[in-house]
Structures are given as C-alpha cells and as structure tokens.
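Novice: Predicted coordinates and the sequence they were generated for:
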Amino acid sequence: MAITITEAAASRVSTFLANRGKGLGLRLGVRTSGCSGMAYILEFVDELDEGDQVFEEKGVKIIVDAKSLVYLEGTELDFAKEGLNEGFKFNNPNVSSECGCGESFNV
C-alpha cells in the first residue's frame, strides 16, 4: 500500500509550494495528542530525513517518516471546501475511532 492524494489536495499542495518558493513536498505524519491519542501533522519538507518514505502522485511528493507510516499506510489525503470551511481531510483505513471534534484519532 501507499499514501495517495486526490486531485483537489494535489492542486492545493502545489499552490502552497509555489507560493512558498521552495520545498520538496509535504510531510504527513502523526504525533501523540488530543483526546483520542493521535493527531495528524502536515508540514513543508525542504530536505529528507533518514528513513523517510516518499510517495509521488499527481506531481506532488508526500513524505512520511518510518514511525508514522505504520499508522498512515493506505491513507488518502484530500482537500475539501464545505461552506465557509476548507481544509485537508485524511481518509485513513487504520482509524478505529475519532474524537468528537475531529482533531485526533485512535488506531
């Protein structure tokens, strides 16, 4: 399996990277946080770290560290606009439960 990205998310990431003027891609990771145990991390990557896995799709590189990959394997990164709200969505098949506010998850 791999990490995949929708057309909407790829377009948004490409725009962010172009406006930033530098960067290899976007890091997708997890950290311990929130009421359900884990939260997603999104940040720009200027250089790879040892052990990083790179997934390239639709012209965008998604970089995942080895520790996070266990929790993110098979995840699809999407971008959606719903009314006045917009943001990235994570379609993660490993999630067993999420907190009520949607900020954290458990596997």
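Specialist: Arrived safely.
Novice: partners of the residue nearest to the spatial centre of the chain in the sheet?
Specialist: Central residue of the chain (CA atoms, centre = their mean): residue 28, 3.7 Å from the mean position. Bridge pairing for residue 28 (DSSP bridges) gives the partners residue 42.
Novice: would you list every one of the strands in this protein?
Specialist: Taking DSSP state E, the strands of the chain run over residues 4-5, 25-33, 37-45, 53-57, 60-64, 76-82, 85-91, 97-98, 105-106.
Novice: list the buried ones in the top helix by length along the chain?
Specialist: Counting by DSSP state H, the longest helix found in the chain is helix 7-20. Buried residues in helix 7-20, counted by 16 or more other CB atoms under 10 Å: 8-10, 12-13, 17. Every residue, glycine included, has its C-beta placed from N, CA and C.
Novice: and residue 99, what pLDDT?
Specialist: Model confidence at residue 99, given as pLDDT, is 67.
Novice: Give the ranges of residues in this protein that sit below the confidence cut-off.
Specialist: Residue ranges of the chain with pLDDT under 70: 1, 34-36, 99-105.
Novice: try 80 this time
Specialist: Applying pLDDT under 80 to the chain flags the ranges 1, 33-37, 96-107.
Novice: just to revisit the earlier point, tell me which strands and helices the longest helix of the chain is in contact with?
Specialist: strand 25-33, strand 37-45, strand 60-64, strand 76-82 (3 or more CB pairs under 8 Å, 6 or more residues apart in numbering; DSSP states H and E).
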